[in-house]
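S.K.: here's a sequence, model it:
(chains A and B)
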Amino acid sequence: MTQNAEHVLDHFELFRGPEYQQMLANKKTLFENPHDPAEVERIREWAKTPEYREKNFAREALTVNPAKACQPLGAVFVAVGFEGTLPFVHGSQGCVAYYRSHLSRHFKEPSSCVSSSMTEDAAVFGGLNNMIDGLANTYSMYKPKMIAVSTTCMAEVIGDDLNAFIKTAKEKGSVPAEYDVPFAHTPAFVGSHVTGYDNALKGIIEHFWDGKAGTAPKLERRPNEKINFIGGFDGYTVGNIREIKRIFELMGIEYTILADNSDVFDTPTDGEFRMYDGGTTLEDAANAIHAKATISMQQYCTEKTLPFIGGHGQEVVAFNHPIGVGATDEFLMTLSRIAGKPIAKALEQERGRLLDAMADSSAHIHGKKFAIYGDPDLCYGLAAFLLELGAEPTHVLATNGNKAWAEKMQGLFASSPFGQNCHAYPGKDLWHMRSLLFTEPVDFLIGNTYGKYLERDTGTPLIRIGFPVFDRHHHHRYPVWGYQGGMNVLVKILDKIFDEIDRNTNVPAKTDYSFDIIR
Amino acid sequence: MSLATTESVAEIKARNKQLIDEVLKVYPEKTAKRRAKHLNVHDTGKSDCGVKSNLKSIPGVMTIRGCAYAGSKGVVWGPIKDMIHISHGPVGCGQYSWAARRNYYIGTTGIDTFVTMQFTSDFQEKDIVFGGDKKLAKIIDEIQELFPLNHGITIQSECPIGLIGDDIEAVSKVKSKEYDGKTIVPVRCEGFRGVSQSLGHHIANDAVRDWIFDKISPEAKPAFESTPYDVAIIGDYNIGGDAWSSRILLEEMGLRVIAQWSGDGSLAELEATPKAKLNVLHCYRSMNYISRHMEEKFGIPWCEYNFFGPSKIAESLRKIASFFDDKIKEGAERVIAKYQPLMDAVIAKYRPRLEGKTVMLFVGGLRPRHVIGAYEDLGMEVVGTGYEFGHNDDYQRTAQHYVKDGTLIYDDVTGYEFERFVEKIQPDLVGSGIKEKYVFQKMGVPFRQMHSWDYSGPYHGYDGFAIFARDMDMAINSPIWKETKAPWKDAPRPSLMAAE
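M.R.: So this is what the prediction gives:
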């Protein structure tokens, strides 16, 4: 008997016991109709070959292990960034359970969101009644300051019209006539979670600026000195937004963070559950129209939002998830130019410290090959930083990246001697990445938790940066933006490199001559 | 000390009734009327828990429920390891359910085993407009080319498939023929069907019946010689290895497990199940349908069992043995006796730390009742429970075999109700899912995820009970819960002020 009370064995060890091993072996040979192990091995080897890669890249219909989620996730992510706001997803309820789980698993935080719980009858007759009842229930139970509505693919396929539905619901008294119910259509069969972020943010801004769906006069812009800031869909939103606030404050710039979800995904354990915490105030959301400029940290998360804002007379600027020295320089210089304020001395020192750290360590990174996957902007930011470190971002893959993104990536590669053999792969998935890693191996892989399957199959060590990170804790609390964020990314990369060196040199009397204590 | 141990049953009942009245006050009238039917205080002797169940969730409330797709792909079909399960429709459903349930398995992932992978048709707008059948046919071709060792394919429909009227059955038939009768199973588990994941379980069971059982020729022999002791485990999803720590007990008592449904299961095992002499059913809710079908069509009896905690395990082993001869009955006694010292040691160690502690549960499937015995083995008391997607027969079983007089019952609880109930009752532990976990931990209430075992497990069987007991102890007795209030919050004024 392996299990014992004194030292309780977990699943890690329990099933390695001989009685379990025997049981599992019997199960397989007697009942599972397994393939001949030699055949399994043959196919396993074949799946590593260039021939397999060619077939794999030739597929047109099947997607395997995609690195993207669907629009409504991004909409929920944005909505909770506004003060007292409850996201309301119009469609079937199972989706909402998924978004809530997904965000909770990454942030280790509660994630509040309601659904209009549409079922078969709504599929036939439309979801108007679900909207009428749903808004009334949400309003009376959870007392939000605002309810932000988005859709699922179901509501989109049957063609529910949110504008008309919300209007009708208000007429029926679900919520007061002047109550804020911004909305966005976010079909899951268009774009990805970054598109949903974009649509939902635009929907909310549009609501406040352009007359609250015809119920109020449009706002007139009275320019002031403030700067709006948009983070984009970002697994590091907690650390990143706080870092950005610190930078704004160091430079004495007045700012508005649009969709500031940094507090709601990082609430304290002190005996109280905060369904809402922090967030952009509704007043600030409206007043953001008067700002001097709007800065987006992620171009592909704001493709519709920025032109909308720009159309109201502000300067708009988009970055691509700036990570590292050059990208942070550019961000700060833009900030300084727009605000007419010098870059803070403290930041200049931080820049020097990041460079100092890079100088101390880049020898370990120089010339190493990396594969990266994730959202388009994150991929760009990471690749740019690797080039700064003298590394080669050899394969850069975004399932939700398009042709224009790939061209932009190729432009980045062309700008550096280290980018000469690097390629961008738009629209490809992690099964494509597997073929790339087998046929054109790299030293390290950077991506989210799902990359652990690639690490296991191909032996490429995984550095976890991205969304979601389910199997490591609290990374989201540390920024990746700004010079300090660059430092965090640098340390993450270096830790993995040193772990790998140790792992490869730790056999006594065999390889341990390089098992160094000083590096 | 919790309220439940200091008050009489009458007081507890009165408090719980008042609590129900209080939470209903917040709803609009129509909603309050509907929700009232799902909340009750259990009266001993009643045939069920006195709540309505398996009804539509109310729009705009925070329900914990999932959808039919989650029930079919996420629960029933997903763990069948040597088949490829296509999430047919947009990308999200497959992405969110990707490897989320910890259905442990042995196999070479990506080559002959596919559980922790995400296969999707990634529907785009044009697929909605023109239909996805052609794409689906092509996907099956591509799977055959890139994953030649798969033993079968299922098509798990997401919402748009039913709405746009795709004929996935026709595609399945054509492609099956093209690939020499390959098993290709269309499953109509669109998320808008039914009121929860429950209908997805039923639909998935029906798909096994129609597309696997009905296709087996009556003369087909299993690959093994039958014995009088062949049984199948039905309704164990092998979360953290649950089915393994169950299977080992059945085998030790002399039975032979010819199939596992569906955790670590394979197509061959599904096909062999009609040769079993008895189906032993753990999750009644998700797989009673196929068990009843096998009883009617193949004459295979089935019996429910509960492998949480030594009391229920012993009871269940004896119940299962009662279907067999003395050899098996003796085997059951031998197994019970063999593990008794381990159970004694576990209880001796943990019961003193857990005695009298109260628990509130809200889970799916069988757990809102089945784990009660395990808590009781540790001297704990379940003071509130409810099902995400239970039906009346679940509440009957709960009332007749599990809950005590005065227990608070909440069906399809809303986030609001659950928080208020916990706030007022102040249990020592809440057992529910990931969406609830952090809410209660923020409130300073110890919590265990009872869907995923909080990434621990197994919890089934004797080996699992040791882990269960340890986990409950570490949740409740973690030193951090003493720190949730900052020491200066309730402290007297600092001396500095007094010294002024």
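
S.K.: on the pLDDT front, check the residue in chain A that chain B sits nearest to for me.
M.R.: Chain B sits closest to residue A:94 of chain A, with a gap of 2.3 Å, by Cβ to the nearest Cβ. Every residue, glycine included, has its C-beta placed from N, CA and C. The model reports residue A:94 with a pLDDT of 97.

S.K.: assign it to helix, strand or coil.
M.R.: Recorded secondary structure, residue A:94: helix (DSSP: H, G, I helix; E, B strand; the rest coil).

S.K.: where along the stretch 101-250 of chain A do the strands fall?
M.R.: A:114-115, A:146-151, A:183-184, A:227-230 (DSSP state E, counting those that start in this stretch).

S.K.: tell me which of those lies nearest to residue B:321.
M.R.: The closest of the strands of the stretch 101-250 of chain A to residue B:321 is strand A:114-115. By Cβ to Cβ, the value is 45.9 Å.

S.K.: neighbouring contacts of the closest one?
M.R.: Strand A:114-115 has contacts (Cβ atoms under 8 Å, 6 or more residues apart in numbering or on different chains) with A:86-93, A:95-96, A:134, A:137-138, A:142, B:57, B:59-63.

S.K.: list the contacts of the residue of chain A closest to chain B.
M.R.: With Cβ under 8 Å, 6+ apart, residue A:94 has these contacts: B:65-70, B:93, B:191, B:197.

S.K.: give me that answer again for 6 Å
M.R.: Neighbour list for residue A:94: B:66-67, B:70, B:191 [criterion: Cβ atoms under 6 Å, 6 or more residues apart in numbering or on different chains].

S.K.: as JSON lines, those with pLDDT, distance to chain A and secondary structure would be great.
M.R.: Shown next, in JSON lines, are these (pLDDT from 0 to 100; distance: Cβ to the nearest Cβ, whole Å; DSSP: H, G, I helix; E, B strand; the rest coil):
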{"residue": "B:66", "pLDDT": "97", "distance to chain A": "4", "secondary structure": "coil"}
{"residue": "B:67", "pLDDT": "98", "distance to chain A": "2", "secondary structure": "coil"}
{"residue": "B:70", "pLDDT": "98", "distance to chain A": "5", "secondary structure": "helix"}
{"residue": "B:191", "pLDDT": "97", "distance to chain A": "4", "secondary structure": "coil"}
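
S.K.: domain assignment for the chain?
M.R.: Just going to use chain A. With domains defined by the TED database, chain A comprises A:73-214, A:227-268+A:276-345, A:362-505.

S.K.: looking at chain B here, not the other one
M.R.: The record's domain parsing of chain B by the TED database lists B:9-61+B:354-480, B:68-194+B:196-215, B:230-345.

S.K.: now tabulate these in CSV and tack on distance to residue A:126 and mean neighbour count.
M.R.: Output for the domains of chain B, formatted as CSV (distance: least, Cβ to Cβ, whole Å; neighbours: other Cβ atoms under 10 Å in any protein chain shown):
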stretch, distance to residue A:126, mean neighbour count
domain B:9-61+B:354-480, 13, 21
domain B:68-194+B:196-215, 12, 23
domain B:230-345, 31, 22
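
S.K.: redo those as a markdown table? Include distance to residue A:211.
M.R.: As requested, these are exported to a markdown table (distance: least, Cβ to Cβ, whole Å):
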| stretch | distance to residue A:211 |
| --- | --- |
| domain B:9-61+B:354-480 | 25 |
| domain B:68-194+B:196-215 | 29 |
| domain B:230-345 | 50 |
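
S.K.: not counting its neighbours along the chain, what's nearest residue 403?
M.R.: All of this is about chain A. residue A:426 (6.0 Å; Cβ to Cβ, 6 or more residues apart in numbering or on different chains).

S.K.: other chain: chain B
M.R.: residue B:42 (5.1 Å).

S.K.: need the contact list for the one you found.
M.R.: Applying Cβ under 6 Å, 6+ apart to residue B:42 gives the contacts B:49, B:403, B:407, B:409.

S.K.: now with 10 Å?
M.R.: Neighbouring residues of residue B:42 by Cβ atoms under 10 Å, 6 or more residues apart in numbering or on different chains: B:13, B:16, B:48-51, B:384-385, B:395, B:398-399, B:402-409.
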